[in-house]
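>>> Just a sequence and a predicted model for now, questions to come.
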Amino acid sequence: MFERFAKDAREAVVHAQDEARTLGADRIGPEHVLLGAVRTPGTVAAQALGRLGVSHATLLAAVRALPAHTIDADALAGIGVDLEAVRAQVEASFGPGALDAVSTSATPKGHVPFDADAKKLLEVALREAIRCKHRRIDSGHLLLAAVRLDDTTAYRALAAVGVGPAAVREAVTAVWTEVPVG
């Protein structure tokens, strides 16, 4: 599949590894692929999100604000655990933000593997390219894949900055009218 990647999509994958390391992740997730796709100004994804008022820095802040592990408060309440009460008690004992961005592993060295959601994002990017009848996969296809996978951290980060699927599709299409797609 990677042989079909345009230069900006290949760079996005390389940058995704750097983004994962920077954020202290032991695997590359869809949020890292998304950040990698918009990291370099001038990529289709960066231009599209730029049209929507979203920069790499804005998106990075949204990713950092996401909970490290999504905890289902309703499920915990079902077994008698009040998540907000637990959080309040921990913060009272250890200070505000004590549960935020806790990492038990050191920053990974060498190759950082993709998690299942990131692999799925890459597969959906290929499907987006095929759907659009494009021979190459560029960062625009990666961005379109991110908004199709509504159960991922990439989608939640985009939603957190107020960007939805319809707006992304429109912005990517607009960039493609100005930038040739392979």
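Perfect, I can see it now.
>>> where do the helices sit along this structure?
For the chain, helices defined by DSSP state H occupy the ranges 7-22, 30-39, 44-51, 56-65, 73-78, 83-94, 116-131, 139-148, 153-160, 165-178.
>>> can you tell which of those helices is closest to residue 110?
Among the helices of the chain, helix 7-22 comes nearest to residue 110, with 9.8 Å by Cβ to Cβ. Heads up, the C-betas are built off the backbone N, CA and C, glycines and all.
>>> Excluding chain neighbours, what is closest to residue 163?
Spatial nearest neighbour of residue 163, chain neighbours left out: residue 52 (5.3 Å); criterion: Cβ to Cβ, 6 or more residues apart in numbering.
>>> Quickly note the distance from that neighbour to residue 166.
Residue 52 sits 11 Å away from residue 166, going by Cβ to Cβ, to the nearest Å.
>>> With neighbour numbers in mind, choose between those two.
residue 52 (16 against 9; other Cβ atoms under 10 Å).
>>> That one and residue 165 touch, don't they?
No: in this structure, residue 52 is not within contact of residue 165 by Cβ atoms under 8 Å, at 11.8 Å.
>>> and residue 153, what is it in contact with?
Counting by Cβ atoms under 8 Å, 6 or more residues apart in numbering, residue 153 touches 29-31, 63, 66, 117.
>>> what does residue 62 give?
By Cβ under 8 Å, 6+ apart, the residues touching residue 62 are 157-158, 160-161.
>>> could the helices of the chain go into a markdown table alongside mean pLDDT and distance to residue 110?
Putting the helices of the chain into a markdown table (pLDDT from 0 to 100; distance: least, Cβ to Cβ, whole Å) gives the following:
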| stretch | mean pLDDT | distance to residue 110 |
| --- | --- | --- |
| helix 7-22 | 94 | 10 |
| helix 30-39 | 96 | 16 |
| helix 44-51 | 97 | 26 |
| helix 56-65 | 93 | 23 |
| helix 73-78 | 68 | 36 |
| helix 83-94 | 78 | 33 |
| helix 116-131 | 96 | 17 |
| helix 139-148 | 97 | 24 |
| helix 153-160 | 95 | 23 |
| helix 165-178 | 96 | 33 |
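>>> Relative to residue 23, how far out is the most centrally placed residue in the chain?
The residue lying closest to the centre of the chain (Cα atoms, centre = their mean) is residue 31, at 1.9 Å. Using Cβ to Cβ, residue 31 is found at 8 Å from residue 23.
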